[in-house]
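**Q** Build me a model from this:
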Amino acid sequence: MPEAIECKNFNKTHPVHLKGKDFIQLADFTKEEIHYLLDVALELKSMQKQGKPHPYLNGKVLGMIFEKSSTRTRVSFEVGMLQLGGHAIFLSSKDIQLGRGETVSDTAKVLSRYVDAIMIRTFGHEMVEELAEHASIPVINGLTDLQHPTQVLADLLTILEHKGKLEGLKLCYIGDGYNNMPHSLLEGAAKVGMNISIASPPGYLPNGAIAEQAIQAAKQSGCTVTITNDPVEAIKNADVVITDVWTSMGMEAETEQRLKAFASYQVNEELCKHAKEDFIFLHCLPAHRGEEVTAEIIDGSHSVVFDEAENRLHAQKAILKLLLE
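**A** Predicted structure coming up:
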């Protein structure tokens, strides 16, 4: 595991101010804001490794709404708030009236009177947007079917630690392009100046509006966006290789169809011969070995998936600190 990179500007006056802002999608943030989030994540990680207390959110409370089950999201947010000196309240759809017909707007207004921020992990992206519209406190997107920005911030943190930079690297995603991971990867990579290529079967390409927005952002940051059906073309000379499960939560009825469609998009040793020799492999987990990735890759020397999983904690602590402190 790489040592945390020191952030020298952590406790100094910084031109980036995120207090009170929502964290819905990476497209809402500038390159400078994303790098500041990463700087703060690195410093918080360093402080934790050194055993230095960092109760920046003493007395703050995070309300966590879960309509989708989770391991990493729930544990990392709960532990993150605890380490920052605050508290987190777990709210499943069975626990609150939102699951029994109360409107999203009413839920947002009520929770705004009780807690200091809301994190929600749900299906429809429009629910997160509506929650943010009516809440008077920051709303954090813990995952929707369309976006997964907290995961991709952790991915960028992991790449930065292992490669020492982001700008100019080539990131390759292979698999289901119409999925929350590639959508947030497109936004994040384009903002920070990473070249990104996505390879997906016909019919599974990324959302057109998100792809076009990423292409425009890439022009500003001087990087490239490539979307193709050819995994070999996509992975050529890649510094970073990423995949995700072929059948996401809620799509189980499509499993057999997807297994056939993605059969030639498995990340394996043969495909990875086309990447750079020192490529790193990421996967947001949980993984299905033998489907989207072979055990030789995910459990091999190029894999940094558990560094990546740990960095969910540090990235989310940075989000919480900067939005709430």
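
**Q** can you give me the helices in this protein?
**A** Using DSSP state H, the helices of the chain run over residues 31-49, 72-83, 104-114, 125-134, 149-163, 180-192, 208-221, 231-235, 255-261, 269-272, 295-298, 305-324.

**Q** what packs against the fourth one?
**A** If I follow you right, that is helix 125-134. helix 104-114, strand 117-121, strand 139-143 (3 or more Cβ pairs under 8 Å, 6 or more residues apart in numbering; DSSP states H and E). The C-beta positions use only the backbone N, C-alpha and C, and glycine is treated the same way.

**Q** Quick one, which of these gets closest to A132.
**A** Closest to A132 of the helices and strands packed on helix 125-134, according to Cβ to Cβ: strand 139-143, at 4.0 Å.

**Q** now for the closest one, which elements pack on it?
**A** Using 3+ Cβ pairs under 8 Å, 6+ apart, the elements in contact with strand 139-143 are helix 72-83, strand 117-121, helix 125-134, helix 149-163, helix 305-324.

**Q** Mind putting the ones you listed into a markdown table with distance to L18, mean pLDDT and mean neighbour count?
**A** Output for those, formatted as a markdown table (distance: least, Cβ to Cβ, whole Å; pLDDT from 0 to 100; neighbours: other Cβ atoms under 10 Å):
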| stretch | distance to L18 | mean pLDDT | mean neighbour count |
| --- | --- | --- | --- |
| helix 72-83 | 16 | 98 | 20 |
| strand 117-121 | 12 | 98 | 26 |
| helix 125-134 | 14 | 97 | 18 |
| helix 149-163 | 12 | 98 | 25 |
| helix 305-324 | 4 | 98 | 23 |
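
**Q** closest to I24 out of those?
**A** I24 lies closest, by Cβ to Cβ, to one member of these: helix 125-134, at 6.0 Å.

**Q** Alpha carbons only: can I get that closest one in PDB?
**A** Taking Å, rounded to 0.1, in the frame of the first residue of the first chain, the C-alpha atoms of helix 125-134 are listed here in PDB:
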ATOM      1  CA  HIS A 125     -31.200   9.700  -9.800                       C
ATOM      2  CA  GLU A 126     -34.100  12.100  -9.900                       C
ATOM      3  CA  MET A 127     -34.900  11.300  -6.300                       C
ATOM      4  CA  VAL A 128     -31.500  12.600  -5.200                       C
ATOM      5  CA  GLU A 129     -32.000  15.700  -7.300                       C
ATOM      6  CA  GLU A 130     -35.400  16.300  -5.800                       C
ATOM      7  CA  LEU A 131     -34.100  15.700  -2.300                       C
ATOM      8  CA  ALA A 132     -31.300  18.300  -2.900                       C
ATOM      9  CA  GLU A 133     -33.800  20.800  -4.300                       C
ATOM     10  CA  HIS A 134     -35.900  20.800  -1.200                       C
END
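
**Q** picking up where we left off before, in TSV, list the helices and strands packed on helix 125-134 along with distance to M181.
**A** Formatted as TSV, the helices and strands packed on helix 125-134 follow (distance: least, Cβ to Cβ, whole Å):
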stretch	distance to M181
helix 104-114	25
strand 117-121	14
strand 139-143	10
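
**Q** burial of L185, as a residue count?
**A** By the measure other Cβ atoms under 10 Å, the count of residues near L185 is 30.

**Q** What distance do you get for it to L26?
**A** 9 Å (Cβ to Cβ, to the nearest Å).

**Q** Tell me the residues that contact both of the two, please.
**A** Common neighbours of L185 and L26 (criterion: Cβ atoms under 8 Å, 6 or more residues apart in numbering): V152.

**Q** quick one: pLDDT of K170?
**A** The model reports K170 with a pLDDT of 98.

**Q** so what's it up against?
**A** Contact partners of K170, counting by Cβ under 8 Å, 6+ apart, are M194, N195, I196, S197, N237, A238, D239, V240.

**Q** and it, what are its bridge partners?
**A** For K170, the beta-bridge partners are N195 (DSSP bridges).

**Q** Check the contacts of K170 against R72 and report the nearest one.
**A** Closest to R72, out of all of the contacts of K170 and judged by Cβ to Cβ, is V240, at 19.3 Å.

**Q** Skipping its backbone neighbours, what lies nearest that closest one in space?
**A** Distances taken as Cβ to Cβ, 6 or more residues apart in numbering put L171 closest to V240, at 4.4 Å, once the chain neighbours are dropped.
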